[in-house]
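Colleague: sequence first, then the predicted structure:
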Amino acid sequence: MISCRVLGPPDLAVDGGAPPAELLWRKNLALLVYLALSPRRTRAREHLVGLLWSDKPESAARHSLNEALRVLRRVTGDDGIISDPTTVRLGDGTIALDTEAFATHESEGRWAEAATLAGGEFLEGFAVPGASAFEDWMAAERSAWRRRAVNALVRAADGSLSRARTGEACGLAERAVALDPVSSAGHLALLRALAVAGDRAGALRRYSDYAELVRDQLGADPDREVSALAERIRKERIPPPVDTTRGEAPSRRLPLVGRDGPMTIGLDAWRSACGEQRTTIILLTAGAGLGKTRLAEELMARARLDGAATLAVRGVAADREAPWNGIIGLARGGLLATPGIAAAAPSAHAAFALRVPEWADRFPGSRGVEPANLGTAFVEVIRAAAEEQPLVILADDAHLMDRESVLALEQLTRDLPNAPVLILLAAEPTPPREELDVLRARLGRDARGSDILLDPLAQSGIRALAAAVFPTYAEADLDRLTRRVATDSAGLPLLAVEILNAVASGLDLRGTTGAWPEPFHTLTQTTPGGLPDTVVAAIRVGFRRLPAEAQTVLGAAAALGGRVTARALAAATGLSLAATHGALDQLEWQRWLVADVQGYSFVAGIVAQIVASDMITPGQRRRYRASSETPEGA
């Protein structure tokens, strides 16, 4: 049996061993591959003579064909080459081509497997001088296989992104672009993968290279879809600068790992909501520190790359007794800036204008109009927005939101069943919420969506985080660090990231002790004194590596508690509003705080407790609270 690779530089093996040298002669190899890819692996002798020996007299050309068949028959046996005076055929089982395996994977949608066979151009580097007909055939095959290989690589890259394997996706997309440097599909995959991996600058640089190449080689403008994606990437937030020469900590944002399944479910739900125009709900349940906010943010970032508008609001304890506070929060933030809402009924605009002055300013025609019920107005405005572009709405810490807002979000599945809307409700399992339990029972029956429960990270996930922080560590060192961090963090990504970044900043784990979690206690129920020394020490190290103004703002946020505005923090600290915003950007990017349209709150309450108890003095705490309550201008 001859095994032959043609997707890339040609490579042959005969019964698993090296082929005879004469089989690799150009025209012998060309004849073998051509017959293998011919219909029924059969060709007329006259056709083969004209294909490879048209530069010779007829008798010499026929003799050359016979000599080439003799070489092939010596390798394949008499049953391998079957010929008569008019035709030549390869026998069954004579040769196995990588293109056959590729086609099988392709037809069955196994794109990762197909991508492994896309090793380069068809017969890369191979040529048969003087055989113009064969060269023309090879050029056509190269073009066809290039398209198929690029498609497989792009689809495989999309699959890797769906499983949060960004490095793998970048590699696959790079191979697609290498095969076809002007491929719009390849560059869409590459730009998306680089953006998801956090390399915004790299994505924009590759777009610039692509646009220049298309203009130079094709005399055309770059593909509009690629240009639109580049523009969306350009508008994404970038991390604030960090001065490491002054001891400031580098970004604490690490790759999303160990969430392949939930990420795939979320992205499938998003694509289904868009493709099938069906309002879909994802109920994302996780205890504190397990990464529900990070996963939700990652899903929203992917949706923005696909051209979606995204809205977010976060519940805090005070919201439970404030009817409609969640919906009003959405109205104060991104909803007002969402294209399409101008098409909503004036009564819907009037309902929001009563509660949010910015709405009255934008829609002056709503003055004097009878306002609709707020729930009805919300459905109407979302309908108008979704007619303009797909929409993702995140309600983080939904277990703390007011009942009316939770029900209004759920009501979208009933009143807008056929809209490209994805609703993310991220909540902790305790305290229980009747509204969320009722929704969970509806999922899969009369409500389209999924219920995702996040578990602690397995050791493989902790190891991936450790490898990202310590890329030069040997395998044995990574294993030791992983075991320790997995024990001290109990598999909570939040704590694992804190510990790893603290170790990178100099924390010596040998000097810390403790066991956690306490029996039957969650992170939310655990006091700082109940955490292992490692965790508390890690948070202290991270705090001290922050710029001075960020430390001040974070201490004030811990002292004030709950959700706090930038103005309140500026008043508490005495910093200018601009300096406060700069510090908040740093704290939000490094995942100390999370922002919504109503203010800032700690990503995890336990971190707020440690900062409040260990990083600021009682006197500072009193001053921060007193200053924030002082009327402006007093």
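Modeller: That came through, no problem. Quick caveat: nothing in here was measured; it's all calculated off a predicted structure.

Colleague: next structured bit after the lengthiest helix in the chain?
Modeller: Ranked by number of residues, the top helix in the chain under DSSP state H is helix 132-162. Under the assignment DSSP states H and E, the closest C-terminal helix or strand after helix 132-162 is helix 166-179.

Colleague: where does the residue nearest in space to the middle of the chain land on pLDDT?
Modeller: Closest residue to the average C-alpha location of the chain: residue 196 at 4.7 Å, with Cα atoms, centre = their mean. Note on residue 196: pLDDT of 89.

Colleague: got it, and the one 4 residues further on?
Modeller: In this prediction, residue 200 carries a pLDDT score of 89.

Colleague: what about the helices in the stretch 451-600 of the chain?
Modeller: 459-469, 475-489, 493-504, 533-544, 548-560, 566-573, 577-589 (DSSP state H, counting those that start in this stretch).

Colleague: quick check: mean pLDDT of the last one?
Modeller: Right, helix 577-589. Helix 577-589 carries an average pLDDT of 91.

Colleague: the fifth one now?
Modeller: The predicted model gives helix 548-560 an average pLDDT of 93.

Colleague: thought residue 26 was touching residue 125?
Modeller: No. Using Cβ atoms under 8 Å, residue 26 is not in contact with residue 125; the gap is 11.6 Å. For every residue, glycine as well, the C-beta is placed using N, CA and C.

Colleague: more neighbours: those two, which one.
Modeller: residue 26 (15 against 9; other Cβ atoms under 10 Å).

Colleague: name all residues that make contact with the residue nearest to that one when sequence neighbours are not counted.
Modeller: Leaving out its chain neighbours, the residue that sits closest to residue 26 by Cβ to Cβ, 6 or more residues apart in numbering is residue 128, at 5.1 Å. For residue 128, the contacting residues are 26, 27, 30, 52, 134, 135, by Cβ atoms under 8 Å, 6 or more residues apart in numbering.

Colleague: tell me where this protein has strands.
Modeller: With strands called from DSSP state E, the chain shows them at 2-5, 11-14, 42-44, 81-83, 87-90, 95-97, 280-285, 309-314, 391-396, 421-427, 449-453, 593-596, 599-602.

Colleague: select from those the stretch with the lowest mean pLDDT.
Modeller: Looking at those, the bottom one is strand 593-596 with a mean of 84.

Colleague: what is it packed up against?
Modeller: strand 309-314, helix 577-589, strand 599-602 (3 or more Cβ pairs under 8 Å, 6 or more residues apart in numbering; DSSP states H and E).

Colleague: relative to residue 539, which of the ones you listed is closest?
Modeller: Closest to residue 539 of the helices and strands packed on strand 593-596, according to Cβ to Cβ: strand 599-602, at 11.1 Å.

Colleague: could you pull out the buried residues of that closest one?
Modeller: Neighbour-count burial for strand 599-602 flags 599, 600, 601, 602 (criterion: 16 or more other Cβ atoms under 10 Å).

Colleague: ok, residues contacting it?
Modeller: 314, 316, 557-558, 562-566, 568-569, 584, 587-588, 592-594, 608, 611.

Colleague: returning to what we had before: export the strands of the chain to CSV and tack on distance to residue 156?
Modeller: Below are those laid out as CSV (distance: least, Cβ to Cβ, whole Å):
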stretch, distance to residue 156
strand 2-5, 19
strand 11-14, 22
strand 42-44, 34
strand 81-83, 37
strand 87-90, 31
strand 95-97, 20
strand 280-285, 25
strand 309-314, 27
strand 391-396, 25
strand 421-427, 24
strand 449-453, 24
strand 593-596, 33
strand 599-602, 39
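
Colleague: mind checking which of these is nearest residue 66?
Modeller: strand 81-83 (8.9 Å).

Colleague: mind listing what's buried along that closest one?
Modeller: For strand 81-83, by 16+ other Cβ under 10 Å, it's 81, 82.

Colleague: show me the contacts for the nearest residue to residue 168 once chain neighbours are set aside.
Modeller: Nearest residue to residue 168, sequence neighbours excluded (Cβ to Cβ, 6+ apart): residue 160, at 4.3 Å. Residues near residue 160 by Cβ under 8 Å, 6+ apart: 112, 166, 168, 169, 172, 193.

Colleague: shaky segments in the stretch 151-300 of the chain?
Modeller: 237-253 (pLDDT under 70).

Colleague: let's go with 80 and repeat that
Modeller: 164, 237-255 (pLDDT under 80).

Colleague: helices of that one, start to end?
Modeller: 166-179, 184-196, 200-218, 224-235, 260-275, 292-305.

Colleague: how does the chain divide up, domain by domain?
Modeller: 2-108, 132-235, 260-453, 459-541, 546-629 (automatic domain parsing).

Colleague: the first one: how far from the chain's middle?
Modeller: Spelled out, that is domain 2-108. Its chain's C-alpha centre and that of domain 2-108 lie 45 Å apart, by Cα atoms, centre = their mean, to the nearest Å.

Colleague: i'd like the first residue to be 7 from this point on
Modeller: New numbering, starting at 7: the last item is domain 8-114.

Colleague: residue 111 reaches residue 124, doesn't it?
Modeller: No. Between residue 111 and residue 124 there is no contact under Cβ under 8 Å: 10.2 Å.

Colleague: list residues touching both of those two?
Modeller: Common neighbours of residue 111 and residue 124 (Cβ under 8 Å, 6+ apart) are residue 158.

Colleague: am I right that residue 86 is in contact with residue 100?
Modeller: Yes. Using Cβ under 8 Å, residue 86 is in contact with residue 100, at 4.3 Å.

Colleague: could you pull up the mean pLDDT of stretch 476-494?
Modeller: 88.

Colleague: starting at the chain centroid, how far to it?
Modeller: On Cα atoms, centre = their mean, the centre of stretch 476-494 falls 25 Å from that of its chain.

Colleague: before we move on, what about stretch 138-147?
Modeller: 40 Å.

Colleague: tell me the buried residues in that stretch?
Modeller: 140, 144, 147.

Colleague: could you do stretch 304-317 as well?
Modeller: 304-312, 314-317.

Colleague: swap in stretch 342-351?
Modeller: 342, 344, 346, 347, 350, 351.

Colleague: also stretch 272-291?
Modeller: 272-273, 275-280, 284-291.

Colleague: what of stretch 20-34?
Modeller: For stretch 20-34, by 16+ other Cβ under 10 Å, it's 20, 25, 29, 33, 34.
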